[in-house]
Structures are given as structure tokens and as C-alpha cells.
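*Asks:* Starting from these lines, generate the structure:
(one chain, ligands or ions: 1)
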Amino acid sequence: MKPKILVIEDNEQNMYLVTFLLSKNGYEVIQAHDGSQGIDLAKKHLPALILLDVQLPVMNGYQVAHELKKDISFKEIPVIAVTSHAMPGDREKAMEAGCTGYIEKPINPDTFINDFQKYMPGFHPLKGTNL
Ligand code: MN
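*Replies:* Coordinates of the predicted model:
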């Protein structure tokens, strides 16, 4: 079974790029376009990992991370913030809100999967895979 990744992202181009890269690398992508939908789909699917944009409508990424981490079901599920390279303060705020780590925007298609897989539960750095 393909690992399910929940992507919470309101920007269509970023959503398209991230979905493309993850699908191509053997992951199943669940898409949420705002924070509130993200929480609903996270609870419904309990994904292997959540990629969380910080600037989101309805609820921002910090609120989403905070809300998810209150729920014991998400204790072991990595929540990775996608933060803007131009906004260094976002990283600290994301970690304070309970995120496991962060990946910087703009997404670099050449390095994204490598960076992403470091956060996947059970990822084996020597084998280079957890699939
Ligand atoms: Mn956004």
C-alpha cells in the first residue's frame, strides 16, 4: 500500500508541483486547500505524514499544527511546515506550534523528495527508501 501524504496548501501551483513529485515517487496524495479542510482530512485518513503550508485561508498553518498536536492520534505523525525562504521567523513559529520540521519554499524539484523523505516514519537513509 502506498503511504498516504496529506498536503495542506492553498496555492494551486505549489499543490500541483508537490502532488506531482510525491505521486511520481510512489506516494498517495490527499489534498486539502485550507486549514479547516486539512484538519478534517487528517482525522479522516490519519496519513503517514502531513505537509503543511503556513499561509492558509480559514486557519493558518500554526493553528492547524497546534490543533492537530492536541489530538493524541497525531502524536507520531510528522507535520512538516512549508515555510517561505523569505520569512525566517516562520520556521521558529512552526516549531513552536508543534511541527516536526520544515521544508522551504520555493519548492526545489531536484531536492524536495530527499528533504521530504528524511521526515518519513521508518525512512532508511542507507537504503534511501521506506517503500
Ligand atoms: Mn499559502
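*Asks:* hey, let's count contacts and neighbours off CA atoms from now on
*Replies:* Fine.
*Asks:* and the one residue in the chain that gets nearest to the ion, how many neighbours does it have?
*Replies:* Distances between the chain and the ion by Cα to the ion are smallest at residue 55, namely 4.0 Å. By other Cα atoms under 10 Å, the residues close to residue 55 number 19.
*Asks:* likewise the one 4 residues further on?
*Replies:* Residue 59 has 16 neighbours, counted by other Cα under 10 Å.
*Asks:* Report the contact partners of it.
*Replies:* By Cα atoms under 8 Å, 6 or more residues apart in numbering, the residues touching residue 59 are 34, 35, 36.
*Asks:* Is the residue nearest the centre of the chain in a helix, a strand, or coil?
*Replies:* The residue lying closest to the centre of the chain (Cα atoms, centre = their mean) is residue 51, at 0.8 Å. Look at residue 51: counting by DSSP: H, G, I helix; E, B strand; the rest coil, its state is strand.
*Asks:* How about it: which residues does it bridge to?
*Replies:* The partner list for residue 51 in beta bridges (DSSP bridges) reads residue 7, residue 80.
*Asks:* re the thing from before, by neighbours, which of the contacts of residue 59 wins?
*Replies:* Neighbour counts for the contacts of residue 59 (other Cα under 10 Å) peak at residue 35, which has 26 neighbours.
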